[in-house]
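1. test case, fold it:
(one chain, ligands or ions: 1)
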Amino acid sequence: MTRTFGGLTAVSVDHLEVQRGGITGLIGPNGAGKTTLFNLLTGFDQPNTGTWSFNGRDLGKLSPHQVARLGVVRTFQLTKALSRLTVLQNMLLGAQSQRGESFLRALVPGTWRAQETANTERAMDLLRRFKLDAKKDDFAGSLSGGQRKLLEMARALMSEPQVVMLDEPMAGVNPALTQSLLGHVKDLREEGMTVIFVEHDMDVVRDISDWVVVMAAGKVIAEGAPESISQNKAVVDAYLGAHHDAPLTPEEEDRFLAEDEAEARAGREDVLDSERGRKRRAGR
Ligand SMILES: Nc1ncnc2c1ncn2[C@@H]1O[C@H](COP(=O)(O)OP(=O)(O)OP(=O)(O)O)[C@@H](O)[C@H]1O
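-> Take a look at the predicted model:
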């Protein structure tokens, strides 16, 4: 598969297979092509050349929506627009094949009402599992960094996927909360899902990956079990270096938790400010 932007080759992958039912970590330095590869695999971007398939079905030329229907979903960072929706509304946006979307079916209200009830029930089950149920009516923008990541993951699960692709699931998450997030990722595997994730933190990659794929300059330069990858000289030279974070001390953990709470408070104020602005503009 290749994807070029002008003269730049962002992705040039000869062959890659992903183990069903495992957790595959995709790592590589900035600009290695990881996000572009994610975009291609999920229909958000089109390659210049290449084919790829899932469950024996060719996924090339399908829209993101069609790819998701076949069972492959990816998480997205909470955008500003989604921050202005409640947690529950975000979940309902993740629901697939909503019968109410079809015009003819929309004429038969009972059909979409039943679908909506089922979607809401599923959303609430997932929110309970991710411990976000008490926040269902809060604006998503008021959540802390870690809670946002949980919501992104929960939202992806609304469509009952077989493959979940997580784009930097730990980015911006308070280190004291990473263990709980990692537990959720491992649970996906326990339930039989296939997980592919992009991550920069090597401790996280070592902890949860069954297999690691290393990209650099658009190519897959190495792959293997996490232990063998950390010792692969080409990988160390290209990327890892002396990258190693020491575990947190209890004081550091407390400080990070306090920062996370302050961040959530700032987010809540941001949402309130925008609400006030809207009301002022509406003359209320
Ligand atoms: N839409 C685009 N237009 C032009 N160049 C792009 C576009 N998207 C990506 N690129 C370029 O393609 C290369 C690969 O980018 P990509 O974002 O896939 O890397 P990455 O491995 O995900 O990096 P990071 O870890 O920093 O997110 C980079 O050089 C980037 O600048």
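
2. so where do the helices sit in the stretch 51-200 of the chain?
-> 64-69, 80-83, 87-93, 103-106, 109-129, 145-157, 178-190 (DSSP state H, counting those that start in this stretch).

3. so the fifth one versus helix 145-157, what angle?
-> Interaxial angle, helix 109-129 versus helix 145-157 (axes from the mean of the first three to the mean of the last three C-alpha atoms, to 10 degrees): 140 degrees.

4. buried stuff in helix 109-129?
-> 112, 115-116, 119, 122-123, 126-127 (16 or more other C-beta atoms under 10 Å). For every residue, glycine as well, the C-beta is placed using N, CA and C.

5. now do the third one
-> Along helix 87-93, these residues count as buried under the neighbour rule (16+ other C-beta under 10 Å): 87-88, 90-92.

6. low-confidence ranges, this protein, go.
-> 77-81, 96-112, 239-248, 260, 263, 267-284 (pLDDT under 70).

7. rewinding a little: and which of the buried residues of helix 109-129 is nearest to residue 187?
-> residue 126 (11.7 Å; C-beta to C-beta).

8. could you measure from the residue nearest to the closest one when sequence neighbours are not counted over to residue 88?
-> Ranked by C-beta to C-beta, 6 or more residues apart in numbering and with sequence neighbours excluded, the top spatial neighbour of residue 126 is residue 154, at 4.5 Å. Separation of residue 154 from residue 88 (C-beta to C-beta, to the nearest Å): 11 Å.

9. who touches both of these two?
-> residue 127 (C-beta atoms under 8 Å, 6 or more residues apart in numbering).

10. show me the contacts for the most centrally placed residue in the chain.
-> By C-alpha atoms, centre = their mean, the chain has its centre lying nearest to residue 75, at 2.7 Å. Listed by C-beta under 8 Å, 6+ apart, the contact partners of residue 75 are 152-153, 155-156, 164-167, 169.

11. pull out the buried residues from these.
-> 152-153, 155-156, 164-167, 169.

12. what's the closest of the residues you listed to the ligand?
-> Nearest to the ligand out of the buried ones among the contacts of residue 75 is residue 167 (C-beta to the nearest ligand atom; 8.4 Å).

13. so how far is residue 225 from residue 214?
-> Using C-beta to C-beta, residue 214 is found at 12 Å from residue 225.

14. can you get me a residue count around residue 210?
-> 14 (other C-beta atoms under 10 Å).

15. ok, it - contacts?
-> 19, 22-24, 189, 225.

16. filter the residues you listed down to just the ones in strands.
-> When strands are assigned by DSSP state E, the members of those inside them are 23-24.

17. could you identify which of the contacts of residue 210 has the most neighbours?
-> residue 23 (23 neighbours).

18. test my guess that it contacts residue 195.
-> Yes. Counting by C-beta atoms under 8 Å, residue 195 is a contact partner of residue 23 at 4.4 Å.

19. what sits in contact with each of the two?
-> In contact with both residue 23 and residue 195: 185, 188-189, using C-beta under 8 Å, 6+ apart.

20. residue 21 - how many residues pack around it?
-> Residues within reach of residue 21, counting by other C-beta under 10 Å, total 13.

21. so how far is residue 188 from it?
-> 10 Å.

22. with residue 237 instead?
-> Going from residue 237 to residue 188 by C-beta to C-beta gives 33 Å.

23. next one: residue 16
-> For residue 16, the distance to residue 188 - C-beta to C-beta - is 20 Å.

24. one more: residue 126?
-> Residue 126 is 12 Å from residue 188, by C-beta to C-beta.

25. overlap in contacts, these two.
-> Joint contacts of residue 126 and residue 188 (C-beta under 8 Å, 6+ apart) are residue 157.

26. more neighbours, residue 16 and residue 188?
-> residue 188 (19 against 15).

27. wait, what's in contact with that one?
-> Contacts of residue 188 by C-beta under 8 Å, 6+ apart are 23, 157, 164, 195.

28. of those residues, which pair is most distant in space?
-> Using C-beta to C-beta, those reach their maximum pairwise distance at 23 and 157, which is 15.4 Å.

29. now do the end-to-end distance for stretch 46-55.
-> For stretch 46-55, the first and last residues are 20 Å from each other (C-alpha to C-alpha, to the nearest Å).

30. any part of that stretch near the ligand?
-> No. Judged by C-beta under 6 Å from any ligand atom, stretch 46-55 and the ligand are separated, with a smallest distance of 11.8 Å.
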